[in-house]
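Student: sharing a model prediction with you, sequence too.
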Amino acid sequence: MNKILLVDDNNEIVANLTEFLMSEGFSVKSASGQTEAIRLAEEEHFDIVLLDVSLSEGNGFAVCSAIKKSSGTPVIFLTASGDEFSTVTGFDLGADDYISKPFRPRELVSRIKNILRLTGNTGSVTQLGDVTVDTVRGTANRNGQDLFLSALEYRLLLVFINNRGTVLSRTKLLESIWDIAGEFVNDNTLTVYIKRLREKIEKDPQNPAIIKTVRGLGYRVD
């Protein structure tokens, strides 16, 4: 699973973009200022950095320069500063791409995947027992056999993958799959989809080893 560092001081943008990117199979961490962003980049490995120019503390140019000197991690600038100076400065510092706000989320994902392909950072395969999930291709299979997940089943599986080790309440799961369903998803529907997903990915759906029930709390994938 590709890991993204999102650096932006707009809390609403961070929340919305994080949710969208996680639904697309990415792992996301965020920072609002220069110092925090550079610290995270030094302490953890990221496959790509999404970086705003204007930050609550410091600026994106300094973050880009520090990241390129220490690790060479790909950087995409996301900014409302669409002037020529900002664009040229970003590329001069080694930025890999530049996209102006407001942007279309799916265009951003396409550009992210393109940069990851070009740099070889395509860590898109996640293993759950004997189930292999490729978040770039959007496939899930067991022992080479396609599991033919529906869009909602796949989205539900991605939610679990992006929250491995965390107990997810039924309310949280309902919130996560609401928009892709295109219709009201109630508690009974969620039960049906978890049952269907288990039937496809578990060796023994009656005794699940991947999606575990945490009584009174919800579900967890380790």
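Tutor: Happy to help now that I have it.
Student: could you look up the SS state of V88?
Tutor: helix (DSSP: H, G, I helix; E, B strand; the rest coil).
Student: and it, how far from S56?
Tutor: 24 Å (Cβ to Cβ, to the nearest Å). Any C-beta I mention is one placed from the backbone N, CA and C, and that applies to glycine too.
Student: the lowest-mean-pLDDT helix or strand in the chain: what's the following helix or strand?
Tutor: Within the chain, no helix or strand scores below helix 170-181, which has a mean of 73 by mean pLDDT, DSSP states H and E. Per DSSP states H and E, helix 170-181 leads on to helix 187-201 as the next helix or strand towards the C-terminus.
Student: residue ranges for the strands of this protein, please.
Tutor: Residue ranges of the strands in the chain, as given by DSSP state E, are 3-7, 27-31, 48-51, 75-79, 97-100, 125-128, 131-134, 139-142, 145-146, 211-214, 218-221.
Student: comparing those strands by mean pLDDT, which bottoms out?
Tutor: Among the strands of the chain, strand 125-128 has the lowest mean pLDDT, at a mean of 80.
Student: where does this protein have low pLDDT?
Tutor: Applying pLDDT under 70 to the chain flags residues 81-84, 118-124, 135-137, 178-185.
Student: how is it divided into domains?
Tutor: As assigned by automatic domain parsing, the chain contains the domains 3-119, 150-221.
Student: need these in JSON lines with distance to T126, can you?
Tutor: Formatted as JSON lines, those follow (distance: least, Cβ to Cβ, whole Å):
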{"stretch": "domain 3-119", "distance to T126": "8"}
{"stretch": "domain 150-221", "distance to T126": "5"}
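Student: which stretch among those comes nearest A140?
Tutor: Closest to A140 of the domains of the chain is domain 150-221 (Cβ to Cβ; 6.5 Å).
Student: would you enumerate the residues in contact with T166?
Tutor: Residues near T166 by Cβ atoms under 8 Å, 6 or more residues apart in numbering: R220.
Student: quick revisit: just name the most buried of the strands of the chain.
Tutor: Stretch with highest mean neighbour count among the strands of the chain: strand 48-51 (a mean of 25; mean count of other Cβ atoms under 10 Å).
Student: contact partners of that one?
Tutor: Contacts of strand 48-51 (Cβ under 8 Å, 6+ apart): 2, 4-8, 17, 37, 41, 60, 63-64, 67, 73-78, 95, 108, 112, 115-116, 121.
Student: let's see that with 6 Å instead.
Tutor: Residues outside strand 48-51 that contact it (Cβ atoms under 6 Å, 6 or more residues apart in numbering): 4-7, 60, 63, 67, 73-78.
Student: for the strands of the chain, which one sits closest to I161?
Tutor: Across the strands of the chain, closest to I161 is strand 125-128 (Cβ to Cβ), at 5.4 Å.
Student: would you list the strands that that closest one pairs with, along with their directions?
Tutor: strand 131-134 (antiparallel) (DSSP bridges).
Student: thinking again about what came up before, buried deepest among the domains of the chain, which one?
Tutor: domain 3-119 (a mean of 17).
Student: now that domain, how far from the centre of its chain.
Tutor: The chain centre lies 13 Å from the centre of domain 3-119; the measure is Cα atoms, centre = their mean, to the nearest Å.
Student: likewise stretch 154-169?
Tutor: 12 Å.
Student: may I have it as PDB, with CA atoms only?
Tutor: C-alpha atoms of stretch 154-169 as PDB (Å, rounded to 0.1, in the frame of the first residue of the first chain):
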ATOM      1  CA  TYR A 154     -14.100  -3.800  -2.700                       C
ATOM      2  CA  ARG A 155     -14.600  -0.400  -1.000                       C
ATOM      3  CA  LEU A 156     -15.500  -2.200   2.300                       C
ATOM      4  CA  LEU A 157     -12.300  -4.300   2.000                       C
ATOM      5  CA  LEU A 158     -10.200  -1.100   1.300                       C
ATOM      6  CA  VAL A 159     -11.600   0.500   4.500                       C
ATOM      7  CA  PHE A 160     -10.500  -2.500   6.500                       C
ATOM      8  CA  ILE A 161      -7.000  -2.500   4.800                       C
ATOM      9  CA  ASN A 162      -6.500   1.200   5.500                       C
ATOM     10  CA  ASN A 163      -7.400   0.700   9.200                       C
ATOM     11  CA  ARG A 164      -5.500  -2.600   9.900                       C
ATOM     12  CA  GLY A 165      -5.300  -3.200  13.600                       C
ATOM     13  CA  THR A 166      -8.100  -0.700  14.400                       C
ATOM     14  CA  VAL A 167     -11.500  -1.700  15.600                       C
ATOM     15  CA  LEU A 168     -14.100  -0.200  13.300                       C
ATOM     16  CA  SER A 169     -17.600   0.400  14.600                       C
END
